[in-house]
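sharing a model prediction with you, sequence too.
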Amino acid sequence: MPKLFLGCGRAQETRLQRARHPCGSVSRRIIAATGRMLEERPDLAKSFLKGLIRSYWFVRDMPKNYEYLWHLYKRLRLQSSDPEERQIRFSWRAPRDLEAMPFPIDGLATGFEDMLAEEEKFGEFNYDVPAIKDVCAQDLAVEAFKELKERKELERSISELMP
């Protein structure tokens, strides 16, 4: 079976999490790539992950980046060619709202086993689901984070984000 990379955020919130976070504060991001992509161009995948991890750091750096993000979000919504997109209200109103978002500092995905177990329990699958360890490869996310941590110019950013 070809490997599938999954990284950067939670796979999907469970029913319990949706009940606890009705406003959608639980992350639903998945980054996926085919085995072929990972075998032929792992450099591209790792570069993408580095950029994504850095963007997570930027969003977590509050209140410093709040005004910039608010204006960016507003501009992107208003300039969208999709009229429905222009009507969507902001999901965050203050820097604290962004600080509480589940952007992983290291870019590693979590929660797949819980999500799959719950979906299977509720009969959401009509097929056999392979074990996460058979289809999930986070080695590039680990390498990307390690390389970012080793960059001298990022030491201050990392020290401010790490607990």
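Now that the structure is in, tell me what you want to look at.

in this protein, which spans are helices?
Applying DSSP state H to the chain gives helices spanning 15-20, 35-40, 42-60, 66-78, 83-87, 95-99, 112-121, 132-135, 139-149, 155-161.

where among those helices is the average confidence lowest?
Of all the helices of the chain, mean pLDDT reaches its minimum on helix 15-20 (a mean of 49).

just checking, L108 touches A141?
Yes. Between L108 and A141 there is a contact at 5.5 Å, judged by C-beta atoms under 8 Å. For glycine as for every other residue, the C-beta is placed from the backbone atoms N, C-alpha and C.

need the helices of the chain in CSV with mean neighbour count, can you?
Shown next, in CSV, are those (neighbours: other C-beta atoms under 10 Å):
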stretch, mean neighbour count
helix 15-20, 12
helix 35-40, 13
helix 42-60, 16
helix 66-78, 12
helix 83-87, 9
helix 95-99, 16
helix 112-121, 15
helix 132-135, 13
helix 139-149, 17
helix 155-161, 12
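
can you tell me how far R54 sits from R60?
11 Å (C-beta to C-beta, to the nearest Å).

oops, could you answer that again for P130 instead?
For P130, the distance to R60 - C-beta to C-beta - is 33 Å.

and for F48?
Distance from F48 to R60, by C-beta to C-beta: 19 Å.

repeat for L140
In terms of C-beta to C-beta, L140 sits 21 Å off from R60.

same check, this time on W92
In terms of C-beta to C-beta, W92 sits 13 Å off from R60.

identify the contacts common to the two.
Common neighbours of W92 and R60, using C-beta atoms under 8 Å, 6 or more residues apart in numbering, are 98, 101.

what residue of this protein is the furthest out?
N126 (26.9 Å; C-alpha atoms, centre = their mean).

can you tell me the closest non-neighbouring residue to L140?
Sequence neighbours aside, K46 is the residue nearest to L140 in space, at 4.9 Å (criterion: C-beta to C-beta, 6 or more residues apart in numbering).

what residues does the one you found make contact with?
140, 143-144, 147.

make CSV from the residues you listed and add distance to E120 to it.
Converted to CSV, the contacts of K46 look like this (distance: C-beta to C-beta, whole Å):
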residue, distance to E120
L140, 27
E143, 31
A144, 31
E147, 36
